[in-house]
Every structure is written in structure tokens, then in C-alpha cells.
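**Q** need coordinates for the following:
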Amino acid sequence: MPSPTTRSSLPLAAGLPLAVAAGLAIPLQGRINGALGTRLEDGIAAAVVSFTTGLILMVVISLILPKGRQGIARIVPAIRSRRFPPFYVLAGGIGALFVFSQSFTIGLLGVALFTVATVTGQTLSGLLVDRLGIGPGGKRSITGVRILGTVMTIAAVAWAVSPRFGGAGSDPATPLPILLAVLLPMLLPLAGGFLMSFQQAMNGVATQHYGTPIAATLVNFIAGAVILWLALLVKVLLAGPGQGLPSEWWYYLGGPMGCIFIGLAALLVRSLGVLVTGLGMIAGQLMGSLALDVAFPAPGTVVALPTVLGTLLTLGAIIIATLPWPRGAFRVKSAPLGRESGAKGR
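**A** Here you go, the predicted model:
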């Protein structure tokens, strides 16, 4: 049986649309987890619900599908033989932080500020992770084109969500404590977005050795669920139990949405690299947010011209960052002064 490391990678034309499709699930998960956190008045409990439902789904998928069962059989041997750093199995803890930041801060910040914070962290760390070669695709150089695409992506996302900025901090006379109440919670999604690139790289390496992203996603949900359940246990011991679970079925779809983008990201980072995978998911995230705001607007939703144009600019930034430009395509060529003057003197 061939080793997982010998399998061919996806071409850019096939992988990038999959990354965009994976990103479409992120705003839907964020809307669900944010609403659940508000309903329960408990971000930890909402994150526990999201990760537990995702874990249940991944267990069922892993047991039903032959590839899932084969992947489960490879998990322990891969960890014991140290084919990759053992702490990579804790990548699910990063996912737990991201889901908790959704549940805890979206109700405070709104989707706009949350999106800017996570995208900024993710795009910056995507460059770093690719340069360090943490992912299964190895080291990828930081070129001027990739930096340009990263900067354009952050600017485009900020422009796209600018019509939804408002509330605290929009008035110049807003007191400093209220500004801090906005800026401090932004550190959580900023950290979650920054670490997401590392999670994708770690999951990509694990997928390479498990032979399937199903096993890597399962391990993610196991690790994240354990961490969140321990955090919830501590909270219950200190503050007592919170509110009961809601009866509406849609509150429990956040976990399955996470299964989609974690699994696809683990599959794609080997072919596309962490930065390009992240940029594709960001494009899907903006497109999904725009579709949600149009079809199912939340209170305070604003869909204006900058929202549409910013989304289109994000797609343009991703094209710039991902196309195989020839070396030196954006470099201005000029002859040395000595040669030029010598040529004129002949």
C-alpha cells in the first residue's frame, strides 16, 4: 500500500475553489455559535456544545467510512513512532480557542470587528508558517507578490465590513474605558486567527501520516472537546451551572460546520500552502457573510456598496497572491549607471 506521503497533490485550479468552499462555512458557524453564546450567556458552554456535536459527527463518519477506520488505525502508531511532533495532536486546542472567541466576542464586537481581527491574524501568520515550513508542503518563500496579496486582503476585508462599524468607539467623544471594552475583546479573535494558520499546518502534517483528513479532524475535535469540557467543569465548580440548552435544532449546527472547514483545510495545505489556503477561506468567509446578510440579515446588518466592492477586491488580492507569476515579474529592471553612461559614450 502506498505511503500517504507519496500521494499527488491537488492543482491550484482545483484546490483554491475548495478552500473558498471551506470558508463559506465559517460565517455560518460564527453566526450560530455567537447566537448560542448569547442565548446561554456563557461562551464556554456554547463552545462545548459546538465541539461536542462536531465530535459526535466525526466519530460516526470515522466508523462508517472505510478511510475513516483506516485513519483511526494509523493514529496511535503515527504518534508513538514520532513521525511528527506529538504536540501536533493538540491542534484542536487552537480550534477550541477560535470557537470560544466566536461564542464570547461576536455578541460584544459584532461580526465586522470579529472578521477584521481574525483575518488580520490569519493572513500575517500564514506568511510566517509558510516561511518556517511547518506545514506538509515545506518552506515557501515570502515574495513581494505574496506580501502584496496579504496587505490587499486585510485592507479589502476592512473595507468590506466598514459599513457595519459602529457603536462603541465610533464617536470621538467616546470615553477611553468604552474604547478599551472594544479593543481588549478583539485580542481574542486576533489570537485565534493568528494561531489558525498553525493549526492548519499541524493538521496538514497529521493528515499526511494518518492518510486521511478524517482522522486529523477527529483528533482535533477530541483534543478541543477535552480542553473545553475541563474549562466548563472548572467554571461550574466556581460559578455553578448555567442555563439549560435551547430546544431549537439549528443551535447545534456549529460543530458540523467546523468539521467542514477543518477537514478541508487539513487536506489543502499540502497542495496550496498555509497562506493560500487561508486566503481562499477568507474569500469564502466574506462571500458567505455577504450571502447571510442578504438572505438572513441580523439586527444592525448593513449591506452597502463597500461591502460588495471589498469582497471583490479580496478575490482580486487572492488572484494576485496565488497566480504563478514568473520570477521578477513585478521587478523594475534598470541598467547600472556605469553601463548606461558607458553605452552613451560609445
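**Q** and Gly211, backbone torsions?
**A** Taking degrees, to the nearest 10, you get phi 90, psi 0 for the backbone angles of Gly211.
**Q** now for the longest helix seen in the chain, which elements pack on it?
**A** Taking DSSP state H as the criterion, the chain has its longest helix at helix 91-132. In terms of contacts (3 or more C-beta pairs under 8 Å, 6 or more residues apart in numbering; DSSP states H and E), helix 91-132 is packed against helix 12-40, helix 43-64, helix 144-161, helix 176-210, helix 213-239, helix 254-272, helix 274-295. Backbone N, C-alpha and C define where each C-beta goes, glycine included.
**Q** show me how far the third one is from its chain's centre.
**A** Looking back up the chat, that one is helix 144-161. 16 Å (C-alpha atoms, centre = their mean, to the nearest Å).
**Q** how about the CA coordinates for it, as PDB?
**A** Taking Å, rounded to 0.1, in the frame of the first residue of the first chain, the C-alpha atoms of helix 144-161 are listed here in PDB:
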ATOM      1  CA  GLY A 144       6.800  40.600  -2.800                       C
ATOM      2  CA  VAL A 145       3.700  39.400  -4.600                       C
ATOM      3  CA  ARG A 146       2.600  37.300  -1.600                       C
ATOM      4  CA  ILE A 147       3.100  40.300   0.700                       C
ATOM      5  CA  LEU A 148       1.100  42.500  -1.600                       C
ATOM      6  CA  GLY A 149      -1.700  39.900  -1.700                       C
ATOM      7  CA  THR A 150      -1.700  39.700   2.100                       C
ATOM      8  CA  VAL A 151      -1.800  43.500   2.600                       C
ATOM      9  CA  MET A 152      -4.600  43.800   0.000                       C
ATOM     10  CA  THR A 153      -6.600  41.100   1.700                       C
ATOM     11  CA  ILE A 154      -6.500  42.800   5.100                       C
ATOM     12  CA  ALA A 155      -7.400  46.200   3.500                       C
ATOM     13  CA  ALA A 156     -10.200  44.700   1.400                       C
ATOM     14  CA  VAL A 157     -11.700  42.900   4.400                       C
ATOM     15  CA  ALA A 158     -11.600  46.100   6.400                       C
ATOM     16  CA  TRP A 159     -13.300  47.900   3.600                       C
ATOM     17  CA  ALA A 160     -15.900  45.200   3.100                       C
ATOM     18  CA  VAL A 161     -17.000  45.300   6.700                       C
END
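**Q** what packs against that helix?
**A** So helix 144-161, by 3+ C-beta pairs under 8 Å, 6+ apart, packs with helix 91-132, helix 274-295, helix 305-322.
**Q** mean neighbour count added to the ones you listed, as CSV?
**A** Formatted as CSV, those follow (neighbours: other C-beta atoms under 10 Å):
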stretch, mean neighbour count
helix 91-132, 24
helix 274-295, 24
helix 305-322, 18
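**Q** of the helices and strands packed on helix 91-132, which is nearest Pro246?
**A** helix 12-40 (5.5 Å; C-beta to C-beta).
**Q** coming back round to it: turn the helices and strands packed on helix 144-161 into CSV, including distance to Val20.
**A** As requested, those are exported to CSV (distance: least, C-beta to C-beta, whole Å):
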stretch, distance to Val20
helix 91-132, 14
helix 274-295, 4
helix 305-322, 8
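**Q** which of these has the lowest average pLDDT?
**A** Comparing mean pLDDT across the helices and strands packed on helix 144-161, the weakest is helix 305-322, with a mean of 74.
**Q** let's test this: mean pLDDT of stretch 232-241, rounded?
**A** Mean predicted confidence for stretch 232-241 is 90.
**Q** again with stretch 210-227
**A** Stretch 210-227 comes out at a mean pLDDT of 94.
**Q** quick check: buried residues in that stretch?
**A** Using 16 or more other C-beta atoms under 10 Å as the burial criterion, the residues of stretch 210-227 that qualify are 210-227.
**Q** contacting residues around the residue most central in space within the chain?
**A** In the chain, the C-alpha nearest the mean C-alpha coordinate belongs to Met196, at 5.2 Å (C-alpha atoms, centre = their mean). Each residue near Met196 by C-beta atoms under 8 Å, 6 or more residues apart in numbering is listed here: Ile94, Phe98, Thr118, Gly121, Gln122, Ser125, Gly278.
**Q** how far away is the second one from Pro213?
**A** Phe98 sits 18 Å away from Pro213, going by C-beta to C-beta, to the nearest Å.
**Q** before we move on, what about the last one?
**A** Applying C-beta to C-beta, one obtains 16 Å for the distance of Gly278 from Pro213.
**Q** one more: Leu10?
**A** 12 Å.
**Q** what of Gly193?
**A** Taken as C-beta to C-beta, the span from Gly193 to Pro213 is 21 Å.
**Q** just Ala156 next, same as before
**A** Taking C-beta to C-beta, one finds Ala156 at 29 Å from Pro213.
**Q** could you do Ala291 as well?
**A** 25 Å.
**Q** same deal with Leu313?
**A** 31 Å.
**Q** any stretches of the stretch 51-200 of the chain with poor pLDDT?
**A** 111-112, 137, 161, 163-183 (pLDDT under 70).
**Q** distance to Ile106 added to the helices and strands packed on helix 91-132, as TSV?
**A** As requested, the helices and strands packed on helix 91-132 are exported to TSV (distance: least, C-beta to C-beta, whole Å):
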stretch	distance to Ile106
helix 12-40	3
helix 43-64	9
helix 144-161	13
helix 176-210	8
helix 213-239	17
helix 254-272	12
helix 274-295	12
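**Q** those helices: which one's closest to Phe104?
**A** Closest among the helices and strands packed on helix 91-132, using C-beta to C-beta: helix 43-64, at 3.1 Å.
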